[in-house]
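Trainee: Just a sequence and a predicted model for now, questions to come.
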Amino acid sequence: MSAFFAFLHHVAAFTVAATLAIEFVLIGGDITVRNARRLQRTDMVFGMSAGVLLLVGLLRVFYFEKGPAYYFHSWPFLAKLVLFLGVGLASIPPTLEFLSWRAALRAGQAPALSDARRRRLRGLMHLELAGIVLILLCAALMARGVGTFG
């Protein structure tokens, strides 16, 4: 069972990274009706994958791996949690933006996106991508037993 949950955790993590990369590329292009709908769908998959990632990760911590006493005495694990929270918070403005496009898209119109707003969204996505890289670093440190205290 532990291997299955590790597999689910990895699939969700790769899906989060892939969907964020897709969003980053799409937001840099023309915001057509088609691309706006793609962004909305991709963001929905991103959010669902992040939820699965968190749920499966917590199940692994509490039921399928070394137990919470081990993980909560590991600074790389705690850093992963903080970084995951940061990535989640940084993802809120893009999600709200994509959701705000619903009315325009229902009317068959491309949503308006100013250059300043696009730069802000891309900047947040840059932060999210950097957060994912740092999460991967922390995961590698955890796998090597680096950073346990207590």
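Mentor: Done, it's in. Numbering: from 1, shown residues only.
Trainee: just how off-centre is the helix or strand of the chain with the lowest mean pLDDT within its chain?
Mentor: Counting by mean pLDDT, DSSP states H and E, the weakest-scoring helix or strand in the chain turns out to be helix 68-71, with a mean of 92. Its chain's C-alpha centre and that of helix 68-71 lie 23 Å apart, by Cα atoms, centre = their mean, to the nearest Å.
Trainee: What of stretch 57-68?
Mentor: Centre-to-centre, stretch 57-68 and its host chain are 20 Å apart (Cα atoms, centre = their mean).
Trainee: Give me the contacts around the least confident helix or strand of the chain.
Mentor: Around helix 68-71, the neighbours that count as contacts under Cβ atoms under 8 Å, 6 or more residues apart in numbering are 61-62, 65, 77, 148. C-beta coordinates here come from the backbone N, C-alpha and C atoms, glycine included.
Trainee: tell me the centre residue of this protein?
Mentor: In the chain, the C-alpha nearest the mean C-alpha coordinate belongs to V16, at 4.7 Å (Cα atoms, centre = their mean).
Trainee: ok, now which ones touch the residue nearest to it when sequence neighbours are not counted?
Mentor: Excluding the flanking residues, the one nearest V16 by Cβ to Cβ, 6 or more residues apart in numbering is S49, at 4.7 Å. Shown in contact with S49 (Cβ under 8 Å, 6+ apart): 12, 15-16, 19.
Trainee: Report the buried residues of whichever helix or strand S49 is part of.
Mentor: Counting by DSSP states H and E, the element that carries S49 is helix 33-59. Buried residues in helix 33-59, counted by 16 or more other Cβ atoms under 10 Å: 35-36, 39-40, 42-43, 46, 49-50, 52-54, 56-57.
Trainee: Can you give me the pLDDT of F24?
Mentor: We have a pLDDT of 97 for F24.
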